[in-house]
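Peer 1: I'll drop the sequence and a predicted model, then ask my questions.
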Amino acid sequence: MSTEPLLDVQGLTMRFGGLLAVDHVDLTAERNRITALIGPNGAGKTTIFNCLTGFYKPTAGRLLLRHPVRGPIELQKLKGFGVARTGVVRTFQNIRLFPSMTVLENLLVAQHQALMPQSAFSFAGLLNLKGWRAAEDAAVETARDWLRRLDLLAVADEAAGNLSYGMQRRVEIARAMSTNPLLLCLDEPAAGLNPRETRALAELLVGIRVEHGIGILLIEHDMGLVMDISDRIFVVDHGARIAAGTPAEIRNDEGVIKAYLGEPDADEATTGTESP
């Protein structure tokens, strides 16, 4: 088995006019590992995700995905849904389900890239041909399997918008996993969850990593969750990478502590050292 990372990002740079949002960031994500990307608000984390998943075209840098069948793929050269076709999928900080569709329909929509060729781009579907029926049945079974695993089967026919916030988060992950991804990118998956739901999320992500051996890359502000489940952590501040390492290494890194807590003012730093 290759020891090279699944995703290898080198010199990722993103400018918006005169604003340097991401400044020559290097990071990796490995198969069968959970990698976290953390940093203070406005550090550039979501911009990095948007570059990795095809929503932004990077100003500079190389984003290499080592696909087990297609070989090395340079993601920065792809457009639109081209990145998703490589097996890199994501969820969003703000939930983006189709609220008026059922939970099951949300997972079926996610599989449209596999279904469209089987439908001969709707022709076979309109005629209800045998090949299309088999492909549709397989998609439904995949969707139901993931709903079963995430304890969502009972609400499969409910409108997604009627579910609780925590359940909608789980539907998002089920929808992403129904596409059989190589790399699952999660943007603040614990946002808005209560402690019980966060613990369940941690168990789910570790279970996915163990059972499916895919790479998981997450942005998260819940440091308890990050430290509990991550194999490796990358830290960015003001668009630049300032640290990388294991949870234990990151927890004790002075640069990371300063980025989150700030540095005392000169006057504050000298207070208490002066003679009374």
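Peer 2: Nice, thanks for sending it over.
Peer 1: Without its sequence neighbours, what residue ends up closest to the residue positioned nearest the centre of the chain?
Peer 2: With distances taken as CA atoms, centre = their mean, the residue of the chain nearest its centroid is Cys185 (1.5 Å). Nearest residue to Cys185, sequence neighbours excluded (CB to CB, 6 or more residues apart in numbering): Arg90, at 3.9 Å. All C-beta spots, glycine's among them, are computed from the backbone N, C-alpha and C.
Peer 1: Can you classify the residue nearest to the centre of the chain by secondary structure?
Peer 2: Following DSSP: H, G, I helix; E, B strand; the rest coil, Cys185 is assigned to strand.
Peer 1: how much space is there between it and Asp222?
Peer 2: Distance, Cys185 to Asp222, by CB to CB, to the nearest Å: 17 Å.
Peer 1: now swap in Ile34 and tell me
Peer 2: 14 Å.
Peer 1: Please work out how many residues are found near the residue nearest to Cys185.
Peer 2: Residues near Arg90, counting by other CB atoms under 10 Å, number 24.
Peer 1: Now do the helices for the protein: every range, in order, please.
Peer 2: Under the criterion DSSP state H, the chain contains helices at 45-52, 103-110, 112-118, 123-127, 130-149, 165-177, 195-212, 223-229, 247-251, 254-261, 266-270.
Peer 1: Let me know the pLDDT of the residue nearest to Cys185.
Peer 2: Confidence at Arg90, expressed as pLDDT, is 93.
Peer 1: and it, what does it touch?
Peer 2: Phe49, Thr53, Ala176, Leu184, Cys185, Leu186, Asp187 (CB atoms under 8 Å, 6 or more residues apart in numbering).
Peer 1: Most widely separated two among those?
Peer 2: Phe49 and Ala176 (13.3 Å; CB to CB).
Peer 1: Tell me the pLDDT of the residue nearest to the centre of the chain.
Peer 2: You'll see Cys185 listed with a pLDDT of 96.
Peer 1: Would you check how far apart it and Ala200 are?
Peer 2: Remark: distance between Cys185 and Ala200 (CB to CB) = 20 Å.
Peer 1: How about Arg232?
Peer 2: In terms of CB to CB, Arg232 sits 23 Å off from Ala200.
Peer 1: Also Asn94?
Peer 2: Distance from Asn94 to Ala200, by CB to CB: 21 Å.
Peer 1: Between those two, which is the more surrounded one?
Peer 2: Each of Asn94 and Ala200 has its neighbours counted (other CB under 10 Å); Ala200 has more, 17 against 9.
Peer 1: Give me the neighbour count for the nearest residue to Ala36 once chain neighbours are set aside.
Peer 2: In space, Ala36 comes closest to Ser230 once its chain neighbours are excluded; the distance is 4.2 Å by CB to CB, 6+ apart. When counting by other CB under 10 Å, one arrives at 22 neighbours for Ser230.
Peer 1: Ok, Asn252 next?
Peer 2: 10.
Peer 1: And Lys79, by the same measure?
Peer 2: 8.
Peer 1: And Gly39, its phi and psi?
Peer 2: Phi and psi for Gly39, reported as degrees, to the nearest 10, are phi 160, psi 160.
Peer 1: Thanks again, I'm all set now.
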